[in-house]
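K.L.:
below: sequence and its predicted model.
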Amino acid sequence: MRSIKPRSSLSGATKALAAVTIAAIAPPLADADSDNQETSQLSLGATYTADVFTNVEGGLETGTRYLDNALVSGEMAFGSQNSTDTVLYASLAYNNNSTFSDELVGDAQVVSNIDADSGLRVYEAWVEHTFASGRAGLLGGLFDLNSEFDVIDAASLFINSSHGIGFEIAQTGDNGPSIFPVTALAGRLKWSPTENTVFRIAAIDATAGTAENPSRPSLNLSSSDGALIIAQASLQPNSEFNANLGIWGYTNSPNQGDPLQESSAPLGIYGSVEGTLNSPLQLEQLRGFVRFGLTHGNNVDADGYLGYGLNWQVSPSITAGVASAHAFPSSKSRAIGLDSEETTLEATVEFRLNEKFAIQPNLQYTNNPGFSNDIDNSLALGIRLSATLWE
């Protein structure tokens, strides 16, 4: 992980980010219609997720790790009897001090999507105000971009991190982009011109975390960090089909100001399609997805990504799926001998015991972990336990 540069005065990009954030935090104008009664509603949530994974063979070494993620959240919604105008949201997350991929597998894409540095941290804290009869919304604060950008519902069953957000985005930033486990200050504008289309654009502090504690979010903005700009168009003509197309880029280059290490600012494009499939076996509730991503920049480990999969709701309480994720090494990786495509194959079944508890056996096979031919292919077996304590 690269060190984070000292903070300095705000640049034009970060001033714009700050302005968007402040605008979102500002209270809404009073409703001119006094007949609309103001309402408020508080919602609380708490979830606990635990993974037990064993690297059976290959990778860096065999062994077992216990990973967990606890999340507590609160949401306050304000509005009239007919609509919600403003939402305040905050969450706290905790992860234990046990890593699986770094210590045992050596893969780049990360076997478990809750594998993170230990610590208790503020995960998200934002306020959103909607307007134009609910067709537009402005959000500001600590924001996980993957809560709205590059989201594929059909892929949410899978545990490998690349099925949550494409690896070509996840690898960027001095401390990763504003995604789990550490977020950054952001401003986001959303607009729905029709019931079937949504456009989103966000400006996000390019560095999540601080030099003193990379596992905790920073509330400072600096010109040396710059911003990550991301925009996405989504189309959902019906409940069975959804498509996303997004572009993103950083305003600043990594290691800006250091002539010995400075590189081009990463930028990229991604797209995904998901939908219900007609099966020759007459399998109902069979859904599939495909996602691609391309990135340009001479300081990234991979310049391309392809993911795809199927999930089948066998019954109201059982969902099974298979998926694959491919990360393609960049010229930087190939120059140091890491020239092999990293591919993961995943098979999983989720059993929902009731509305609050689920158990999910999981198998993942990783070919060329870390883009290396020198690390044996890994076979990992795991089980996930999920509990929704309240919602």
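P.N.:
Looks like it came in fine.
K.L.:
name the residues of the one helix or strand Ala186 maps to that come out as buried.
P.N.:
Ala186 is part of strand 184-194, with elements assigned from DSSP states H and E. Residues Ala184, Leu185, Ala186, Gly187, Arg188, Leu189, Lys190, Ser192 are the ones in strand 184-194 that count as buried (16 or more other Cβ atoms under 10 Å). Using the backbone N, CA and C atoms, a C-beta is placed for each residue, glycine as well.
K.L.:
now do stretch 272-281
P.N.:
Going by neighbour count (16+ other Cβ under 10 Å), the buried part of stretch 272-281 is Ser272, Val273, Glu274, Gly275.
K.L.:
contacts only, for the second one.
P.N.:
With contacts defined as Cβ atoms under 8 Å, 6 or more residues apart in numbering, Val273 is in contact with Phe241, Asn242, Ala243, Phe289, Val290, Arg291.
K.L.:
okay, helices next: where are they in this structure?
P.N.:
For the chain, the helices defined by DSSP state H occupy 12-25, 167-170, 331-335.
K.L.:
packing partners of the lengthiest strand in the chain?
P.N.:
Ranked by residue count under DSSP state E, the longest strand found in the chain is strand 39-59. In terms of contacts (3 or more Cβ pairs under 8 Å, 6 or more residues apart in numbering; DSSP states H and E), strand 39-59 is packed against strand 63-79, strand 357-367, strand 376-390.
K.L.:
same thing but at 6 Å, please
P.N.:
strand 63-79, strand 376-390 (3 or more Cβ pairs under 6 Å, 6 or more residues apart in numbering; DSSP states H and E).
K.L.:
same list (the ones you listed) but as JSON lines, adding distance to Tyr48, mean pLDDT and mean neighbour count.
P.N.:
Converted to JSON lines, those look like this (distance: least, Cβ to Cβ, whole Å; pLDDT from 0 to 100; neighbours: other Cβ atoms under 10 Å):
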{"stretch": "strand 63-79", "distance to Tyr48": "5", "mean pLDDT": "96", "mean neighbour count": "17"}
{"stretch": "strand 376-390", "distance to Tyr48": "5", "mean pLDDT": "96", "mean neighbour count": "17"}
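K.L.:
mind checking which of the ones you listed is nearest Thr344?
P.N.:
The closest of the helices and strands packed on strand 39-59 to Thr344 is strand 376-390. By Cβ to Cβ, the value is 9.0 Å.
K.L.:
paired strands for that closest one, with orientation please.
P.N.:
If you go by DSSP bridges, strand 376-390 pairs up with strand 39-59 (antiparallel), strand 357-367 (antiparallel).
K.L.:
just say which of the ones you listed is most tucked in.
P.N.:
strand 357-367 (a mean of 18; mean count of other Cβ atoms under 10 Å).
K.L.:
and the contacts of that strand?
P.N.:
Identification of contacts with strand 357-367 by Cβ atoms under 6 Å, 6 or more residues apart in numbering yields 107, 111, 159, 343-352, 377-387.
K.L.:
one step back: report the rounded mean pLDDT for the strand holding Ala186.
P.N.:
The average pLDDT for strand 184-194 rounds to 96.
K.L.:
distance of the closest residue to Lys332 other than its chain neighbours from Gly166?
P.N.:
Take Lys332 and drop its neighbours on the chain: the residue closest to it by Cβ to Cβ, 6 or more residues apart in numbering is Asn298, 6.0 Å away. Going from Asn298 to Gly166 by Cβ to Cβ, to the nearest Å gives 19 Å.
K.L.:
tell me which of the two has more neighbours.
P.N.:
Per other Cβ atoms under 10 Å, whichever of Asn298 and Gly166 has more neighbours is Gly166, with 31 against 15.
K.L.:
now the buried residues of stretch 272-281 as a markdown table including distance to Asn220 and pLDDT?
P.N.:
Listed next are the buried residues of stretch 272-281 as a markdown table, based on distance: Cβ to Cβ, whole Å; pLDDT from 0 to 100:
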| residue | distance to Asn220 | pLDDT |
| --- | --- | --- |
| Ser272 | 33 | 98 |
| Val273 | 39 | 98 |
| Glu274 | 38 | 97 |
| Gly275 | 42 | 95 |
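K.L.:
list the contacts of the residue sitting nearest the centre point of the chain.
P.N.:
The chain has Asn146 as the residue nearest its centroid, 3.3 Å off, counting by Cα atoms, centre = their mean. Contacts for Asn146 (Cβ under 6 Å, 6+ apart) come out as Ile165, Ile179.
K.L.:
one more time with 10 Å, if that's ok
P.N.:
Asn146 makes contact with Gly164, Ile165, Gly166, Ile169, Ala170, Pro177, Ser178, Ile179, Phe180, Thr183 under the criterion Cβ atoms under 10 Å, 6 or more residues apart in numbering.
K.L.:
and if you look at Ala170?
P.N.:
Per Cβ under 10 Å, 6+ apart, neighbours of Ala170: 108-110, 146, 150, 161-162, 164, 176-177, 179-180, 293, 302, 305, 327.
K.L.:
one more: Thr54?
P.N.:
Applying Cβ under 10 Å, 6+ apart, we find Thr54 in contact with Thr62, Gly63, Thr64, Arg65, Phe100, Leu104, Leu379, Ala380, Leu381, Gly382, Ile383.
K.L.:
now the third one. Nearest residue, chain neighbours left out?
P.N.:
Distances taken as Cβ to Cβ, 6+ apart place Thr54 nearest to Thr64, at 4.4 Å, with adjacent residues excluded.
K.L.:
pLDDT weak spots in the chain?
P.N.:
Within the chain, the stretches with pLDDT under 70 are 1-36, 81-82, 210-215, 223, 254-263, 279-284.
K.L.:
Ile159 against Ser101, yeah?
P.N.:
No. Look at Ile159 against Ser101 with Cβ atoms under 10 Å: they stay out of range, at 11.6 Å.
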